[in-house]
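> Predicted model, plus sequence, below.
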Amino acid sequence: MGKIQVLDKSVSNQIAAGEVVERPASVVKELLENALDAGATNIVTEIKNGGITYIRVTDNGCGMSREDVPVAMLRHATSKIATANDLEAIHTLGFRGEALSSIGAVSKMEIYTRTATEETGTHLISENGEITECAEAGCPVGTTVVVRDLFMTTPARMKFLKKNYTEAGYISDIVNRLALARADVSFRLLVDGKETLFTAGDSDLLGCIFAVYGKDLKNTMRPAAYDEGGIAVSGFCATGAGARPNRSMQNFFVNGRYIKSSLMARAVEEAYKNEIMGGKFPACVLLLTLPSSMVDINVHPTKLEAKFADEKAVYHCVYWAAKNALYQKNEIPAVTLKAKNEKEEAIKVVPKQEVQKPQTIGQKPVMQEVARPYVTKETPFVWQGLNREQKPQTPVAAEKIEMTRREPLQIDMATETVPTKEVPAPTIENEQVSPVQKIEESVVERETKPTEQVLKKEFSYRVCGQVFDTYIIVEKDNQMLLVDQHAAHERLRYEALLKQFEGKKVQSQMLLLPVTVRLTAAEEALFCEHQDMLFSMGFDAELFGDKTVIIRSVPEALDEAALQNLFVEVLGHLGDRRKDARGEKEQRALYTIACKSAVKAGNQLKDAEIKALLDGVFALDSINTCPHGRPITVAMTKGFIEKQFKRIV
């Protein structure tokens, strides 16, 4: 008997479904794309338990006739294409005819649909790919698809799904991106009965950005547009103030379809070169429109990648669209007071000049000098590093607390002041020591006896100075050492944080004023998944409304902008999908915390601060690199220097 056999239809359908339905977010993506192709202007998506047990997508599109509904459940049944030549001119989001067949093969599915020409609609029930009922039913024009118990009959796939809020985050991310792609369609998303997204469908892309990302990012957006050679780019790019530590807010759309394009990302980042800090990525929502014959989106099963016939032309247009946004004139408001004889005295903001429209038709923008408004912000004094030339007259000491317990901040309502605790500052040679030295001393104390601690703190060296406000010159053991102050302090901070983290006693500093951080839907899911881990790292944070986290305590004192970027970057490390050894993600997150809180290159240090830093460096046991692998100390022997000056041969 032969060994080769034809698989049963149910088995083959489940295998084929794996190419389309990877997780609940894949189901939502396919159903939403079908709704958009049907001409819907209003789409409501509802999920429960991360979409694993319940997904419902309702649209007001054209619907399906009673004859078409059962045919749509067959594999490769589609109304979008008829011949192979049609693949060269695809104008719709879906075209393979695999969505309903694949979803029905791994779930219990119901379809309610009606066309405008029918008096009654159709109700179809499918279970694991088999149609069990198809009958007449009353329903409005459009289509409603309900998916229940996804992957219940395929436990092998079920076990690879993540927690409910993580899967819900993936779904929110899909809906958000489709809402940005189609500002003319109203999207509504309900997660476990709570509305998390609503767009008006009034073709206002900036309004969609506000609904998805909030007002902070929306206020940094500038119009981006460019058109040349049949390729048109439109949308918005954020200024440097809207830069992010990752690419999570870079959105690229080709003919209305969201794609991941390294080509377009490189073009935007090249346009922002020398305009934003290194390690930051500009946020953008760019819609690329070009003839369908110039792009192939059928290169990946999930249709998240695209292949362009002329990549150079696409790069060129995206680059200049981003440049147009970047070099627009800023709107400078003029403040005027109303006349006294009016009923109400108020302040009216009148634009001094209109925002200049970018040049978009076949011309590169003319680079102009851009007015950079000087903005000041009063913030409470917070120690941010070693370089502090002047202490405040009335500093507020932030008391460190152990993260193993939570204590509410007690405020005296009679005086409206926050109680503080006096902490005696240690001294070296009658000079007050900065807070960083206390950290370095904790690194030196590696659970040794008191007598051993004294011996370890005494090192024979001579500080010769500091060059470029970055490198410390030290004479030690017939050697001249150059010490990178940032790399050294970063290593010391990491060692201290790692020791506290492993001992589950990370010391956290309570913020005088809590800081709120706006997250994307995917980042919100990461926060929910890793909230306990963040707490163990010193972040006392919790959800504060939709896609917003409020931070009350941090492992290191940072200003508000730096703390917001740090928190998002740490979330990115914890959500990294790379296959790492146990604890690798947490260590990378600690690297980031140490790096952001370490003294920076260019900071001028005082003698006591240099001594504290060097004592910590020389106490390290056979470690001469920062957590990222850069050297801390470079040594030149006396003999080497004398050879350079020809004192010896």
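Nice, thanks for sending it over.
> counting contacts, what elements does the strand ranked longest in the chain pack onto?
As assigned by DSSP state E, the longest strand anywhere in the chain is strand 507-518. If you count contacts as 3 or more C-beta pairs under 8 Å, 6 or more residues apart in numbering; DSSP states H and E, strand 507-518 packs onto strand 400-402, strand 540-543, strand 548-554, helix 560-574. C-betas here are computed from N, CA, C, even on glycine.
> If we go by neighbour counts, what in that strand is buried?
Neighbour-count burial for strand 507-518 flags 507-511, 515, 517-518 (criterion: 16 or more other C-beta atoms under 10 Å).
> Let me see the contact set for the residue nearest the centre of the chain.
What sits nearest the mean C-alpha location of the chain, by C-alpha atoms, centre = their mean, is Ser248, with 4.1 Å. The contact partners of Ser248, taken as C-beta atoms under 8 Å, 6 or more residues apart in numbering, are 520, 522-523, 572.
> Give me the sheet partners of the longest strand of the chain and which way each runs.
Strand 507-518 pairs in its sheet with strand 400-402 (antiparallel), strand 548-554 (antiparallel), by DSSP bridges.
> quick one on the thing from earlier: so what's the backbone phi/psi at the residue nearest to the centre of the chain?
Main-chain torsions, Ser248, degrees, to the nearest 10: phi -70, psi -20.
> Let me see the ranges of the helices in the stretch 1-150 of the chain.
Assigned by DSSP state H, counting those that start in this stretch, the helices in the stretch 1-150 of the chain fall at 9-20, 24-37, 68-72, 99-105.
> If you average pLDDT over each of these, which is lowest?
Of all these, the minimum mean pLDDT falls on helix 9-20 (a mean of 58).
> about what we covered before: may I see the contacts of Ser248 arranged in JSON lines, with pLDDT as well?
Shown next, in JSON lines, are the contacts of Ser248 (pLDDT from 0 to 100):
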{"residue": "Thr520", "pLDDT": "85"}
{"residue": "Ala522", "pLDDT": "83"}
{"residue": "Glu523", "pLDDT": "87"}
{"residue": "Gly572", "pLDDT": "84"}
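> Out of the residues you listed, which comes closest to Gly278?
Using C-beta to C-beta, Gly572 comes nearest to Gly278 of those, at 16.2 Å.
> Tell me the spacing between the closest residue to that closest one other than its chain neighbours and Val549.
Nearest non-adjacent residue to Gly572, counting by C-beta to C-beta, 6 or more residues apart in numbering: Asn246, 4.9 Å away. For Asn246, the distance to Val549 equals 16 Å [C-beta to C-beta, to the nearest Å].
> Look at the two and report which has more neighbours.
Taking other C-beta atoms under 10 Å, Asn246 and Val549 do not tie; Val549 has more neighbours (25 against 18).
> From Ala72, how far off is the more buried one?
For Val549, the distance to Ala72 equals 42 Å [C-beta to C-beta].
> what does Ala322 give?
41 Å.
> all strands of the stretch 1-150 of the chain, in order?
Applying DSSP state E, counting those that start in this stretch to the stretch 1-150 of the chain gives strands spanning 42-48, 54-59, 108-114, 121-127, 130-137, 142-148.
> So for Ser203, which of those strands sits nearest?
strand 42-48 (13.8 Å).
> got the angle between that closest one and strand 142-148?
Interaxial angle, strand 42-48 versus strand 142-148 (axes from the mean of the first three to the mean of the last three C-alpha atoms, to 10 degrees): 10 degrees.
> Mind giving me the packing neighbours of strand 42-48?
helix 24-37, strand 54-59, helix 164-181, strand 186-191.
> ok, Leu93 - contacts?
The contact partners of Leu93, by C-beta under 8 Å, 6+ apart, come to 33-34, 36-37, 256-257, 303.
> ok, so of those residues, who is nearest Val44?
Once C-beta to C-beta is applied, the member of these that ends up nearest Val44 is Leu36, at 13.5 Å.
> Report the contact partners of that closest one.
So Leu36 contacts 43, 93, 178, 182, 185, 256 (C-beta under 8 Å, 6+ apart).
> make it 7 Å
93, 182, 185 (C-beta atoms under 7 Å, 6 or more residues apart in numbering).
> for Leu498, same thing?
Contacts of Leu498 by C-beta under 7 Å, 6+ apart are Leu590.
> got the phi/psi numbers for it?
phi -60, psi -40.
> Now do it against Cys626, distance only.
According to C-beta to C-beta, Leu498 stands 13 Å off from Cys626.
> before we move on, the earlier item: would CSV of the helices and strands packed on strand 42-48 with distance to Asn219 be doable?
Output for these, formatted as CSV (distance: least, C-beta to C-beta, whole Å):
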stretch, distance to Asn219
helix 24-37, 28
strand 54-59, 32
helix 164-181, 17
strand 186-191, 22
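> Compare those and report which one is nearest to Lys585.
Evaluated over the helices and strands packed on strand 42-48, closeness to Lys585 peaks at helix 164-181, with 14.7 Å, by C-beta to C-beta.
> and Pro514, what does it touch?
With contact taken as C-beta under 7 Å, 6+ apart, Pro514 is in contact with 550-552.
> Let me see the domain layout of this protein.
9-198, 205-326, 428-575+583-635 (automatic domain parsing).
> would a markdown table of those with distance to Ile648 be doable?
Output for the domains of the chain, formatted as a markdown table (distance: least, C-beta to C-beta, whole Å):
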| stretch | distance to Ile648 |
| --- | --- |
| domain 9-198 | 66 |
| domain 205-326 | 43 |
| domain 428-575+583-635 | 14 |
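> looking at these, which one has the lowest mean pLDDT?
Ranked by mean pLDDT, the domains of the chain bottom out at domain 428-575+583-635, with a mean of 78.
> Which one of Ala322 and Ala72 is surrounded by more residues?
Ranked by neighbour count (other C-beta under 10 Å), Ala322 and Ala72 place Ala322 first, with 27 against 20.
> Flag every buried residue along stretch 614-628.
614-620, 626-627.
> ditto for stretch 273-280
For stretch 273-280, using 16+ other C-beta under 10 Å, the buried residues are 276, 280.
> Span of that stretch from start to end?
Start-to-end span of stretch 273-280 (C-alpha to C-alpha, to the nearest Å) is 10 Å.
> any idea how far Ala135 is from Ser107?
Distance from Ala135 to Ser107, by C-beta to C-beta: 20 Å.
> same deal with Ala608?
67 Å.
> between the two, who's got more neighbours?
Ranked by neighbour count (other C-beta under 10 Å), Ala608 and Ser107 place Ser107 first, with 26 against 17.
> Grab the nearest non-local neighbour of Ile111.
Counting by C-beta to C-beta, 6+ apart, the residue nearest Ile111 is Leu124, at 4.4 Å.
> Skipping adjacent residues, who's closest to Glu136 in space?
Leaving aside its sequence neighbours, Glu136 sits nearest to Thr120 (C-beta to C-beta, 6+ apart; 5.2 Å).
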